[in-house]
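Enquirer: predicted structure and sequence below. I'll ask about it afterward.
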Number of protein chains: 2
Amino acid sequence: MLTTMAGKPPAPRTPTMRDVAALAGVSLKTVSRVVNQEAGVTAELAERVAGAIRLLDYRHDTTASSLRRTDRRTASIGLVVEDVANPFMSAINRAIEDLAHARRTLVFASSSDGDAQREADLVRALAARQVDGLIVVPVAPDQRVLLNEHRLGLPMVFVDRPAITRDVDSVTTDNREGARLAVGHLARHGHRRIAFLGDLHSIWTAEERYLGYVEGLATEGIRLDPRLIRRDMRGIDAACAAATELLGSSEAPSAFFAGQNLLTIGVVRALQVLGLRHRVALIGFDDFTLADLLEPAVSVIAQDAVGLGQAAASRLFEQLDGDAFPARHIRVPTRLIARGSGELPPG
Amino acid sequence: MLTTMAGKPPAPRTPTMRDVAALAGVSLKTVSRVVNQEAGVTAELAERVAGAIRLLDYRHDTTASSLRRTDRRTASIGLVVEDVANPFMSAINRAIEDLAHARRTLVFASSSDGDAQREADLVRALAARQVDGLIVVPVAPDQRVLLNEHRLGLPMVFVDRPAITRDVDSVTTDNREGARLAVGHLARHGHRRIAFLGDLHSIWTAEERYLGYVEGLATEGIRLDPRLIRRDMRGIDAACAAATELLGSSEAPSAFFAGQNLLTIGVVRALQVLGLRHRVALIGFDDFTLADLLEPAVSVIAQDAVGLGQAAASRLFEQLDGDAFPARHIRVPTRLIARGSGELPPG
DNA sequence: TTGAAAGCGGTACCAA
DNA sequence: TTGGTACCGCTTTCAA
């Protein structure tokens, strides 16, 4: 051994159908038939092939398979969300994965970070890998790359936010109805001065929730007071500051409706600091872990992330099964979870 | 139009390199060169090809490409975690995605649910799709399918839990050191009666944290009291009940070390019900959202999920770049975040 | 029922 | 620099 450069044995090329065929003493095509469980192979031959497959530990190459297949299906789909680490998005991801798994389909999961350029790159990369379809949380407002891919024949479903055309399937939360629910609930508990905190108005869901708030007030016959409205808030700190300021004014609100997770937490913090947690009502849009452990527990309008994911995946697979037209637009209802903070009476 | 069955135009077969070549009046190979940015094509020809590509809206088929390529790379990797919707797992997922994205690589994300059968199915499905490598949170204890795939040449990194052999790269949290940290911290604040709540002892991380607890006690010269130890706890309710029972005993603990997220929350709930939140200390393993909003805020041993994901992805890509041997075993440190609950003095 | 040959969309190799 | 030809691993088509 001292004189040889032996090293590792040459990488043992992974066996192909050809190898299996040779070992079993049959043709390539017969192996293909066995692997794909096509009818019309003698039990004896099938057994011989199966034996060779086991012996060689043959692994089917589905990429080569789908390249040649007429339908060119890869049994993989693409998912583009804002951030796979976001709890809401990852719940959608998981729901989609479960439906996909039932069809032996794998999911490319990716994050756009709300960046249109990155979204476009991802969509192109996914299409280049021949995914069977795409589920996307679209980054507003320019959807040209997405819609172009759709026009070229890539099955697609938008989730959480709609497409700008009606031609593409979409599955969205009924944000407006949810916001109305919140306002109605607070009004029923005697509130007339209900403040609204909202995310960037350029975000479709934020705008919808604002509109629902306005509609809710109208329904309850409450005059809209612009001084109680703070939009374009980003993050816990901004919400906390805004809530603190509102509560310090002469016409302070008796209740808050926070249009997003972090804003809700910001309001909680403000109420805590001011010692008003049990004196000012609060309903938040979107549930969050531990909402039930706070004091008082926080009432929320819960979104059905799993429902969104399931509906989106269902639609995509319906498209793949031939039901492409007309495009459908599914709205998933919200649910009010009363935990205490939304049931406090006015001061 | 009335007499025709016109319908939609026949699906316009998506253009191939062949089409581009024909339009540009060059050979297939020249188009390939342009697409792959290989040197040695006249500027003029390159421009003509580029024009044809634009005109036809040609899309490169990377699956066909990698089939023929010598390295057979697909620029996609597989990730198998317990649940992509779990915050810890999804943070790992995201960190991996970011490193992958920098290499124009896509990630198949999938959930094993701690089910060995499902894990095996996923791994085989991923291998069949010719992923370049795999990052796995392995389901103990039978790793035969995984290791077989590894032996066959599939680059692989285990994350969060080690492989049963030393031949496979792994990236894990330093659970033991983290637990020692917690016990030491509590001891430094005067505690001698420190209860331990742990998850199923069959879970590697749970066992490690338990061992760290034991080591921590030994280091501090505290006698281990089996009556203060509750293992094999699952979920909030079990932990809440166990904590309640412990606190009602004659030799109640003055501090808790909870070995997992949900267990920590269970203890918080128990303390809240008993009105002992400010009288009994608590440190939890693994951080959770809103831990800082509870009263008192919960001190934790925080895991570095992003660090885990980054290290795992780095290792995988190092393997892909040729640095496969020897296998490395990376331990990612934890960090104690003191927020209040872990700094309470003994009753 | 079985197999030979063609070809999916591209890349590798070598000759022109 | 450019192009022809073989071929990646598999399915399709069609003849035996």
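Expert: On my side now, so go ahead. Numbering: from 1, shown residues only, chains lettered A, B, ... in the order given.
Enquirer: how about residue A:252, nearest residue that isn't a chain neighbour?
Expert: Leaving aside its chain neighbours, residue A:252 sits nearest to residue A:246 (6.3 Å; criterion: C-beta to C-beta, 6 or more residues apart in numbering or on different chains). (Glycine included, C-beta is placed from N, CA and C.)
Enquirer: where's the one you found, which helix or strand?
Expert: Assigned by DSSP states H and E, residue A:246 belongs to helix A:235-248.
Enquirer: how many residues are close by the residue in the stretch 151-300 of chain A that DNA strand D sits nearest to?
Expert: Proximity of the stretch 151-300 of chain A to DNA strand D (C-beta to the nearest atom of the strand) peaks at residue A:153, 18.4 Å away. Residue A:153 is flanked by 13 other residues according to other C-beta atoms under 10 Å in any protein chain shown.
Enquirer: that one against residue B:13, yeah?
Expert: No. Contact criterion C-beta atoms under 8 Å: residue A:153 and residue B:13 do not qualify, at 9.8 Å.
Enquirer: now the closest residue to DNA strand D within the stretch 201-347 of chain A: how far from residue A:94?
Expert: For the stretch 201-347 of chain A, the residue closest to DNA strand D is residue A:320, as judged by C-beta to the nearest atom of the strand, at 15.8 Å. For residue A:320, the distance to residue A:94 equals 20 Å [C-beta to C-beta, to the nearest Å].
Enquirer: between the two, which is the more surrounded one?
Expert: For residue A:320 and residue A:94, the more surrounded residue by other C-beta under 10 Å is residue A:94, and the numbers stand at 23 against 17.
Enquirer: show me what contacts the more buried one?
Expert: A:306, A:309, B:83, B:84, B:85, B:111 (C-beta atoms under 8 Å, 6 or more residues apart in numbering or on different chains).
Enquirer: let's go with 10 Å and repeat that
Expert: For residue A:94, the contacting residues are A:107, A:109, A:305-306, A:309, B:83-86, B:89-90, B:109-111, by C-beta atoms under 10 Å, 6 or more residues apart in numbering or on different chains.
Enquirer: can I get these in CSV with secondary structure?
Expert: Converted to CSV, the contacts of residue A:94 look like this (DSSP: H, G, I helix; E, B strand; the rest coil):
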residue, secondary structure
A:107, strand
A:109, strand
A:305, helix
A:306, helix
A:309, helix
B:83, coil
B:84, coil
B:85, coil
B:86, coil
B:89, helix
B:90, helix
B:109, strand
B:110, strand
B:111, strand
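Enquirer: so, low pLDDT: which residues of the stretch 1-150 of chain A?
Expert: For the stretch 1-150 of chain A, applying pLDDT under 70 flags the ranges A:1-12, A:140.
Enquirer: on that earlier part again, which one of the contacts of residue A:94 is nearest DNA strand C?
Expert: Nearest member of those to DNA strand C, counting by C-beta to the nearest atom of the strand, is residue A:107, at 23.3 Å.
Enquirer: quick check, residue A:291 in contact with residue A:338.
Expert: No. Contact status for residue A:291 versus residue A:338: not in contact, 11.6 Å apart, counting by C-beta atoms under 10 Å.
Enquirer: the two - which one has more neighbours?
Expert: residue A:291 (22 against 13).
Enquirer: so who does the more buried one touch?
Expert: A:261, A:264-265, A:268, A:284, A:297-300, A:302, A:337, A:339, A:341, B:290.
Enquirer: hey, where'd the helices end up in chain A?
Expert: With helices called from DSSP state H, chain A shows them at A:17-24, A:28-35, A:43-56, A:62-68, A:87-102, A:116-128, A:144-151, A:175-188, A:204-220, A:235-248, A:261-274, A:305-320.
Enquirer: setting the sequence-adjacent residues aside, check what's closest to the spatially most central residue of chain A.
Expert: Within chain A, one residue has its C-alpha closest to the average C-alpha position: by C-alpha atoms, centre = their mean, that is residue A:92, at 3.7 Å. Nearest residue to residue A:92, sequence neighbours excluded (C-beta to C-beta, 6+ apart): residue A:309, at 3.9 Å.
Enquirer: pretty sure the one you found contacts residue A:89?
Expert: Yes. Contact criterion C-beta under 10 Å: residue A:309 and residue A:89 qualify, at 9.4 Å.
Enquirer: looking at the two, which has the bigger crowd around it?
Expert: residue A:309 (29 against 26).
Enquirer: interface residues of chain A facing DNA strand C?
Expert: Selection of chain A residues close to DNA strand C by C-beta under 7 Å from any atom of the strand yields A:26-30, A:33, A:39-42, A:44-45, A:64, A:67-68.
Enquirer: overlap of the contact sets of residue A:291 and residue A:338?
Expert: A:297, A:299, A:300.
Enquirer: closest to residue B:185 out of those?
Expert: Nearest to residue B:185, judged by C-beta to C-beta, of the shared contacts of residue A:291 and residue A:338 is residue A:297 at 29.9 Å.
Enquirer: shared neighbours of residue A:309 and residue A:89, anything?
Expert: Going by C-beta under 10 Å, 6+ apart, residues that sit against residue A:309 and also against residue A:89 are A:79, A:81, A:159, A:160, B:85.
Enquirer: please name the nearest non-neighbouring residue to the third one.
Expert: Think residue A:159. residue A:312 (4.2 Å).
Enquirer: now the shared contacts of residue A:291 and residue A:338 in a markdown table, with distance to residue A:18?
Expert: As requested, these are exported to a markdown table (distance: C-beta to C-beta, whole Å):
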| residue | distance to residue A:18 |
| --- | --- |
| A:297 | 65 |
| A:299 | 65 |
| A:300 | 60 |
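Enquirer: buried subset of those?
Expert: Using 16 or more other C-beta atoms under 10 Å in any protein chain shown as the burial test, the shared contacts of residue A:291 and residue A:338 include A:297, A:299, A:300 as buried.
Enquirer: which of these fall within strands?
Expert: The strands in this structure, assigned by DSSP state E, contain A:299, A:300 from these.
Enquirer: of all the buried ones among the shared contacts of residue A:291 and residue A:338, which comes closest to residue B:223?
Expert: Of these, the one sitting nearest to residue B:223 (C-beta to C-beta) turns out to be residue A:297, at 39.9 Å.
Enquirer: now for the nearest residue to that closest one once chain neighbours are set aside: which residues touch it?
Expert: Nearest residue to residue A:297, sequence neighbours excluded (C-beta to C-beta, 6+ apart): residue A:339, at 3.6 Å. Listed by C-beta under 10 Å, 6+ apart, the contact set of residue A:339 reads A:283, A:287, A:291, A:292, A:293, A:294, A:296, A:297, A:298, A:299, A:300.
Enquirer: same thing but at 8 Å, please
Expert: A:291, A:292, A:296, A:297, A:298, A:299, A:300.
Enquirer: do residue A:263 as well
Expert: Contact partners of residue A:263, counting by C-beta under 8 Å, 6+ apart, are A:197, A:198, A:199, A:233, A:236, A:238, A:239, A:284.
Enquirer: between those residues, which is nearest residue B:127?
Expert: residue A:199 (42.4 Å).
Enquirer: give the contact list for the nearest residue to that closest one once chain neighbours are set aside.
Expert: Among residues not flanking residue A:199 along the chain, residue A:206 sits closest, at 3.9 Å (C-beta to C-beta, 6+ apart). Contact analysis of residue A:206 by C-beta under 8 Å, 6+ apart lists A:198, A:199, A:200, A:231, A:259, A:260.
Enquirer: which member of those residues is positioned nearest DNA strand C?
Expert: Closest to DNA strand C, out of all of the contacts of residue A:206 and judged by C-beta to the nearest atom of the strand, is residue A:200, at 39.8 Å.
Enquirer: circling back: need the max-distance pair from the contacts of residue A:94.
Expert: A:305 and B:110 (18.2 Å).
Enquirer: what about these two, which has more around it?
Expert: residue B:110 (27 against 24).
Enquirer: circling back: closest one to residue A:226 among the helices of chain A?
Expert: Short answer: helix A:204-220, nearest of the helices of chain A by C-beta to C-beta, at 10.9 Å.
Enquirer: quickly list what the residue of the stretch 101-250 of chain A found nearest chain B is bridged to.
Expert: Chain B sits closest to residue A:109 of the stretch 101-250 of chain A, with a gap of 3.9 Å, by C-beta to the nearest C-beta. Taking DSSP bridges as the rule, residue A:109 bridges to residue A:79.
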